[in-house]
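# would you be able to build a 3D model of this:
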Amino acid sequence: MSPQDDATADGTRRRGPRKGTPRAPRMRREERERQLLDVAEAVFADRGYQETTMELIAAEAGITKPVIYDHFGSKENLLVAVVARARQDLLASTAAALAAIPKHSPVEDYFRAGVRSFMQFFEQRRGSFRVYMQESAVAVVAGADIESLRQAQAREIAERFGDIPQIAAYPMPYREAMAEIMIATNERVAGWRLRNPEIDLDTAVEIVMAVLWNGFRSYTSESVPDVGITPRS
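Numbering: from 1, shown residues only. Prediction:
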């Protein structure tokens, strides 16, 4: 039920959720922020960015709109925060999957673990992924912020590649390029799976590996041309 101005018995206007809307319990600021991100992620995923209003999110959270503005400032900032959290959670999941691979394992094992981690994350967090895949639709609103988050994620993955002995010798710019390619391929295949739910996880992982690994396995640090690329600071 959407918030609106309700008339009180004396005819004055009362702002906030409609009478009878369940009120969320009082929370510490960080708890409220997590709750609002959870609610916003679900509403954005269900309604899409353009059709989502702050009133809808406030009603679902059982609060008034000013609480959301106090935490995030705008719907745009709230969207960026939702995507940023999804990317950070995904990065943590991927890092854990790579760390679980024994040192000096074949490089292919690291790549497969990273791909599987990505696919599993968005299988378990479909709401996150539906928001994540709306990015093109909101590029005018928050595109620069979202692209900055994607680039930061690629840099972090590239740095983690440095923990893999067989990849550590690659120049950082090339590790970044590998990370960008992996992210883009995983995103597109995960989106394709949403439209084709009959495709199981193992099949999706092997499709990505067929594309990525067949190219990367012949690419060694010795074969990287010296073209004078300077890593980003």
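
# what's the neighbour count on G62?
Close neighbours of G62, defined as other CB atoms under 10 Å, add up to 15. Quick note: C-beta positions are derived from backbone N, CA and C, even for glycine.

# swap in P102?
Neighbour count of P102, defined by other CB under 10 Å: 6.

# what about it, which SS state?
Classification of P102 using DSSP: H, G, I helix; E, B strand; the rest coil returns coil.

# phi, psi of it?
Backbone torsions of P102, given as degrees, to the nearest 10, read phi -60, psi 140.

# same question for G62.
Torsion angles at G62 (phi, psi; degrees, to the nearest 10) stand at phi 70, psi 30.

# quick one: it and V208, what's the gap?
According to CB to CB, to the nearest Å, G62 stands 41 Å off from V208.

# where along the chain do the strands fall?
Assigned by DSSP state E, the strands in the chain fall at 6-7, 13-14.

# pLDDT value on Y110, please?
Note on Y110: pLDDT of 87.

# can you list the domains in this protein?
Domain assignment for the chain by automatic domain parsing gives 22-73, 76-218.

# how many other residues sit next to R125?
Counted with other CB under 10 Å, R125 comes out at 18.

# so it touches V82, yeah?
No - here R125 does not reach V82: they are 11.3 Å apart, not a contact under CB atoms under 8 Å.

# tell me which residues touch the residue lying closest to E108 once chain neighbours are set aside, please.
Distances taken as CB to CB, 6 or more residues apart in numbering place W213 nearest to E108, at 5.8 Å, with adjacent residues excluded. Contact analysis of W213 by CB atoms under 8 Å, 6 or more residues apart in numbering lists 108, 111-112.

# where's W213 relative to F161, distance?
From W213 to F161 the distance is 14 Å (CB to CB).

# and for L194?
From L194 to F161 the distance is 28 Å (CB to CB).

# quick one: which of these two has more around it?
Neighbours per residue, other CB under 10 Å: of L194 and F161, the larger number sits with F161, 23 against 14.
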